[in-house]
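In: fold the stuff below for me.
(chains A and B)
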Amino acid sequence: MRYSQYLLSTLKETPADAEVVSHQLMMRAGMIRKVAAGIYSYLPLGLRSIRKVEQIVREEMNRAGAIELLMPMVVPAELWQESGRWEQYGKELLRIKDRKDSAFCLGPTHEEVITDIVRREVRSYRQLPLNLYQIQSKFRDEIRPRFGLMRGREFIMKDAYSFDVDEAGADVVYEKMYQAYRRIFERCGLRFRAVEADTGNIGGSSSHEFMVLADSGEDAIVSCDSCEYAANVEKAEVCDPQAEAPTPTQTLQKVATPARRTIEEVAEFLKARPEQLIKTLIVQTDAEETVAVLLRGDRELNDIKLCRLLGCNAVELASEELVKQVTGAPTGFAGPVGLKARVLADFEVRSMVDAITGANELDAHYTGVACGRDFAVEAFADLREAVAGDPCPRCSGKLEIWRGIEVGHVFKLGTKYSTALDASFLDAQGQEQVLFMGCYGIGIGRTVAAAIEQNHDANGIIFPMPLAPFQVIVTMVNPNDEPVNQAAVALYEELLELGIEVLLDDRDERPGSKFKDADLLGIPLRVTVGARGLKESSLELQERRSGQREMIPVAEVGAVVVERVRQALSA
RNA sequence: CGGAGCGUAGCGCAGCCUGGUAGCGCACCUGCCUUGGGAGCAGGGGGCCGGAGGUUCGAAUCCUCUCGCUCCGACCA
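Out: Down below sits the predicted model:
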C-alpha cells in the first residue's frame, strides 16, 4: 500500500478524552475514530490489526475442532424470554422494536440463539459433540463505556459454544479450548495469565479468564509465587487462618468517639491500628434481606463471596435510613454488640479480642470487644478480598497481585441454557437427554488494545509482528529525488512479490515527520531509502522495538526482510 | 443511576466573569523554499460557538430547558 493513496491520518496531539495509552495511541495512529460513546469506526489501519487477531483466533478454533458460523446481531425477544434473561439481564441489553412493534434485542452474547439452532438441528447423540463459533459485533449498553476499544458498547467478539452428551465430554472440550486460548494469546505475543474466575451472570459451574498483564487493567488478579494457582480477586480464596483466639485482656467498655465514623478516624482517635477494629457493614441483598457483615478493619468486603454465601445475585451497602433502622444509629457507628440482625463474619474475626467496634449509637464505640464473648455470629466464612502476601489456598506459597485486562473467558455452562430452552437429544438407548454446554469468548478489539498497552514507548506503538497492520514500512527520504524514489518503489514491489505486507511512505513530507509517523504506527521493521545510503548501494533497516539500525546492500534487503518477518512470526 | 466537569473549525485550546465584526496552535489547500528525526516564508479555505426558548437595540458571553460527551463509584470480552 502506498501511504499517499491510503486513508491514514495521524494526530500530533492526544485527544482529550483518551485516558489510557492504547486508546490514545489508536486514535493518534489513525486506527479508530469515535462515532458515539463506546462506539468506534475501525479505520483501514485499525481493521488490519483486528483482522490479524481474528485470523489467529480462527486458525486456533479450527485446529481445536470448532466450526464457524454466523448468527444475527438482532435477536427476537422471545428467545431471551424463554431463557429468562430478558428480565434478568438488565439495562446492558439494548432492546429495540421493529415497525410492527415486535420486541428484539441487540445480542450481547448468543447462548439463546445457538441453543435454538442446536435444539432444532441436533436430534441424535451421533451428531455430537459439537463446538460452534462466530466472530461478530456484539452490543452491550454499558453504563460507562471507556478506554476506547477496551470497554466499548459495540465490540467484536469471538464466541464459541460447545454441546456434549455428558459432563465428561464437556470437560474435554473445555480443556481443549483452554489450551487453544493459551496458544492464541501466545501467538499474539502477549504476556498473560489464565486465572480462575467468577461466572457472573453468564452462569455455569466454573470458568477461567485470560488476563493480559498491564497496570492499566481494570481487574486485579492473584497468583501464587510457588504453585500454579491464579485467580481473579473476585474469586481468589482466602484460607481460614484457624488461629486460636487469645485470652482477652480487656472488658467491654463504651467510649465517646465524637464525629469519628471511618475506620481511619476511629483508629486514629483511639490510638489503635485499623487491624484492631471490627468493621461492620450493613448490606442489603437483591432479595431485600438485610445482613450485617463483620470484617477486620483493614479488610475489604468481596461482595461476590457474600452473594455466594447468601445465595443472592447482588448486594449493596444499605442506605442511610436502613442503617439507622437496623442499628439505631447513623452510618459510621454500627457494631455487632447487641445488634438485632443476621450477623456474618469473615474467618479472621473469629479470633479477634480486645477489638473496637461501633456501639450502635451516635458518637460512641466499644473497646475491649471479644468475638464470641460479646456478640454471636451466625457463620464465619471467607468474605474478604485477597491481598498481596496472603497464603496460597493450594500450597504453602504466598499470593502476588497483578493488574490485568480480561481478553478471554471460558465457562462450563452445564445444562443451564439447554434446560431452559429444552435442548435435548436421543442417546444410544433412545432416551431423551439434556445437552451439556460450554461457552468461550475472546474480545478481539480488546486484544489489540491490550497488545498496545503492553507494547509501546514514548514514540508510539510497538506492534508484535503477528498483530502489526503492516510488517514493514519503506520510507523514501525524498520522493523528489529520482534515484531514491525508484529504489524505494523497486523495493516495495519486490517485497509485495515476496508476500510481505508493506506500506510505502511516498508522501512528500519532510523525513522527520515520516520517521515520527512510522514510530507512532508501530510497524515492526522500517527500511529507509535515502540518497545517503544509496551512495554506498545500501539501505538502512531499523527495528522498531530495539531501535537498532543496520546498513544492508540493496540487493539483499528483500531476503533479509523476509527472514526477519518469518522469525518474528514464529517466535 | 448517583456525584463532578465539559460542549467554540478535523484535533488541542483561548474568548464568556464585565454582551458590541469569532480567535490561536496543529492539521488541510496554493506557491516558493527545503529534504536522514514532527523546517521556513507568503497566501488561502473551513464555524448554526451542541440544540431550543428567553432577556436585550444587540447573545459564544446573561437566564431557563434540553441533548451530547468526559471523569469518579456498582457490570463485563
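In: give me the distance between the most centrally placed residue in chain A and A:Ser207.
Out: Nearest to the mean C-alpha position of chain A, by CA atoms, centre = their mean, lies A:Glu406 at 1.7 Å. As defined by CB to CB, to the nearest Å, A:Glu406 lies at a distance of 11 Å from A:Ser207. C-betas here are computed from N, CA, C, even on glycine.
In: quick check: which element contains A:Thr512?
Out: Rather than Thr, residue A:512 is Gly. helix A:511-521 (DSSP states H and E).
In: got it, and A:His409?
Out: Per DSSP H and E: strand A:399-414 holds A:His409.
In: that strand and RNA strand B, are they touching?
Out: Yes: counting by CB under 7 Å from any atom of the strand, RNA strand B is contacted by strand A:399-414 at A:Glu406, A:Val407, A:Gly408, A:His409.
In: which pair of the residues you listed spans the longest distance?
Out: A:Val407 and A:His409 (8.6 Å; CB to CB).
In: joint contacts of those two?
Out: Each of A:Phe210 lies in contact with both A:Val407 and A:His409 under the rule CB atoms under 8 Å, 6 or more residues apart in numbering.
In: the more surrounded of these two?
Out: A:Val407 (28 against 21; other CB atoms under 10 Å).
In: okay, the more buried one: pLDDT?
Out: Listed pLDDT for A:Val407 reads 96.
In: run a quick neighbour tally on the residue lying closest to A:Met437 once chain neighbours are set aside.
Out: Nearest in space to A:Met437, with sequence neighbours left out and distances taken as CB to CB, 6 or more residues apart in numbering, is A:Leu413 at 4.1 Å. For A:Leu413, the count of nearby residues is 26 (other CB under 10 Å).
In: same for the helix holding A:Gly512, what does it pack against?
Out: Applying 3 or more CB pairs under 8 Å, 6 or more residues apart in numbering; DSSP states H and E, one finds that helix A:511-521 contacts strand A:460-461, strand A:472-476, strand A:502-505, strand A:525-529.
In: identify whichever of those lies nearest to RNA strand B.
Out: strand A:525-529 (4.1 Å; CB to the nearest atom of the strand).
In: what angle do that closest one and strand A:472-476 make?
Out: 20 degrees (axes from the mean of the first three to the mean of the last three CA atoms, to 10 degrees).
In: wondering if strand A:525-529 reaches RNA strand B at all.
Out: Yes: if you take CB under 7 Å from any atom of the strand as the test, strand A:525-529 does meet RNA strand B, through A:Thr528, A:Val529.
In: now do whichever strand or helix holds A:Gly533, average pLDDT.
Out: Here A:Gly533, judged by DSSP H and E, is contained in helix A:531-534. The average pLDDT within helix A:531-534 is 96.
In: do stretch A:110-126 as well
Out: On average, stretch A:110-126 scores 96.
In: how about that stretch: buried residues?
Out: The neighbour-count check on stretch A:110-126 (16 or more other CB atoms under 10 Å) flags A:His110, A:Glu111, A:Glu112, A:Val113, A:Ile114, A:Thr115, A:Asp116, A:Ile117, A:Val118, A:Arg119, A:Val122, A:Tyr125 as buried.
In: repeat that for stretch A:93-107.
Out: A:Leu93, A:Phe104, A:Cys105, A:Leu106, A:Gly107.
In: tell me who's in contact with the fourth one.
Out: Contacts here follow CB under 8 Å, 6+ apart; on that basis A:Leu106 touches A:Met73, A:Val74, A:Val75, A:Leu93, A:Leu94, A:Ile96, A:Lys138, A:Phe139.
In: spit out the contact partners of A:Pro391.
Out: A:Cys239, A:Gly397, A:Lys398, A:Leu399.
In: who's it bridged to?
Out: A:Lys398 (DSSP bridges).
In: and A:Thr285, by the same measure?
Out: Bridge pairing for A:Thr285 - DSSP bridges - gives A:Val315.
In: ok, it touching A:Cys312?
Out: Yes: with contact defined as CB atoms under 8 Å, A:Thr285 counts as touching A:Cys312 (4.1 Å).
In: and the gap between A:Ala220 and A:Arg182?
Out: 21 Å.
In: who's more crowded, the two?
Out: Neighbour totals were compared for A:Ala220 and A:Arg182, and A:Ala220 leads with 18 against 15 (other CB under 10 Å).
In: would you map the helices across the stretch 151-300 of chain A?
Out: A:167-187, A:263-269 (DSSP state H, counting those that start in this stretch).
In: ditto for the stretch 351-500 of chain A
Out: A:416-420, A:444-454, A:482-497.
In: of those, which approaches A:Arg510 most closely?
Out: helix A:482-497 (14.0 Å).
In: what helices and strands are in contact with the closest one?
Out: Short answer (3+ CB pairs under 8 Å, 6+ apart): helix A:482-497 packs on strand A:472-476, strand A:502-505, strand A:525-529, helix A:531-534, helix A:554-570.
In: tabulate the ones you listed (JSON lines), appending mean neighbour count.
Out: Converted to JSON lines, the helices and strands packed on helix A:482-497 look like this (neighbours: other CB atoms under 10 Å):
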{"stretch": "strand A:472-476", "mean neighbour count": "27"}
{"stretch": "strand A:502-505", "mean neighbour count": "26"}
{"stretch": "strand A:525-529", "mean neighbour count": "25"}
{"stretch": "helix A:531-534", "mean neighbour count": "16"}
{"stretch": "helix A:554-570", "mean neighbour count": "15"}
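In: which pair in the buried residues of stretch A:93-107 has the greatest spatial separation?
Out: A:Leu93 and A:Phe104 (10.5 Å).
In: before we move on, the earlier item: now the helices of the stretch 151-300 of chain A in a markdown table, with distance to RNA strand B and mean pLDDT?
Out: Putting the helices of the stretch 151-300 of chain A into a markdown table (distance: least, CB to the nearest atom of the strand, whole Å; pLDDT from 0 to 100) gives the following:
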| stretch | distance to RNA strand B | mean pLDDT |
| --- | --- | --- |
| helix A:167-187 | 10 | 97 |
| helix A:263-269 | 17 | 88 |
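In: got a markdown table for those, with distance to A:Gly430 too?
Out: Listed next are the helices of the stretch 151-300 of chain A as a markdown table, based on distance: least, CB to CB, whole Å:
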| stretch | distance to A:Gly430 |
| --- | --- |
| helix A:167-187 | 19 |
| helix A:263-269 | 64 |
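In: ok, now which ones touch A:Val477?
Out: A:Val484, A:Pro511, A:Lys514, A:Thr528, A:Val529, A:Gly530, A:Ala531, A:Arg532.
In: A:Tyr161 now?
Out: Contacts of A:Tyr161 (CB under 8 Å, 6+ apart): A:His110, A:Glu111, A:Ile114, A:Thr115, A:Val118, A:Asn131, A:Leu132, A:Tyr133, A:Met437, A:Gly438, A:Cys439, A:Tyr440.
In: among those, which lie within strands?
Out: Taking DSSP state E, the ones among the contacts of A:Tyr161 that sit in strands are A:Asn131, A:Leu132, A:Tyr133, A:Met437, A:Gly438, A:Cys439, A:Tyr440.
In: hmm, A:Val173 and the fifth one touching each other?
Out: Yes: here A:Gly438 reaches A:Val173: they are 5.7 Å apart, a contact under CB under 8 Å.
In: tell me the bridge partners for A:Pro76.
Out: The partner residues for A:Pro76, given DSSP bridges, come to A:Phe104.
In: state the pLDDT value of it.
Out: Looking at A:Pro76, the pLDDT reads 95.
In: check A:Lys305 too.
Out: 88.
In: and it, how many neighbours?
Out: Around A:Lys305 there are 21 residues (other CB under 10 Å).
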